[in-house]
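S.K.: next comes the sequence, and after it the predicted model I'd like to discuss.
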Amino acid sequence: MSRSEYRLLIRKARAGKWDKRMLCGHPDVSKSLHPYIIEAWARGLIVTSTRDGVHAPTSFHPSGRAVDFGVRAGLVGSLLAHSRLVRFQRHLHARHGRFLSELFGPSNRANRKWGKAITLPEGSPLEQLHDDHVHVAIA
């Protein structure tokens with residue numbers, strides 16, 4: 001994706017408009033996830049996985065009810081990337097948490113499993129799997 005297309009999609013997201021290119025080439029998901037994708041783009045995050053990729057056997061991904069968010073390649077591993085991910089995760093937890101079946105990310109405190117708020121122990125498998133992205137799933 002070119003830099004100009006990236007900027008265009010951020011502008012569209014900030015205006016609250018959906019664009020299929022926001023999926024970054026990944027297969028589409030439930031329309032119920034589109035508002036979260038728009039919010040992520042508005043905050044400088046991109047889609048890194050939907051129904052594709054390798055996921056746990058009980059994952060919401062294959063059914064199109066989960067999406068993972070990360071940062072563009074040039075930001076991966078940076079403090080700015082981590083900060084964006086954590087802020088987005090905390091925002092979703094505070095504002096939309098009750099609507100989410102799962103929410104995992106770099107912050108160990110702002111997580112949800114089966115719709116209930118949980119804290120992930122540092123070093124646990126689930127915590128380690130989500131150190132570099134935010135995972136959102138709906139029932």
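M.R.: Alright, I've got the coordinates. The structure displayed is predicted, hence computed values, not measured ones. Residues are numbered from 1 along each chain as shown.
S.K.: quick one, strands of the chain?
M.R.: Ranges of strands within the chain are 46-49, 66-70, 102-104, 111-113, 116-118, 134-137, based on DSSP state E.
S.K.: direction included, what does the second one pair up with?
M.R.: By that I understand strand 66-70. As defined by DSSP bridges, the strand partners of strand 66-70 come to strand 46-49 (antiparallel), strand 134-137 (antiparallel).
S.K.: likewise the fifth one?
M.R.: Under the criterion DSSP bridges, strand 116-118 sits next to strand 111-113 (antiparallel) in its sheet.
S.K.: any idea of the mean pLDDT in the partner strand?
M.R.: Averaging pLDDT along strand 111-113 gives 95.
S.K.: roughly how far apart are the residue nearest to residue 17 when sequence neighbours are not counted and residue 62?
M.R.: Distances taken as Cβ to Cβ, 6 or more residues apart in numbering place residue 38 nearest to residue 17, at 7.4 Å, with adjacent residues excluded. (Glycine included, C-beta is placed from N, CA and C.) Distance of residue 38 to residue 62, computed by Cβ to Cβ, to the nearest Å: 23 Å.
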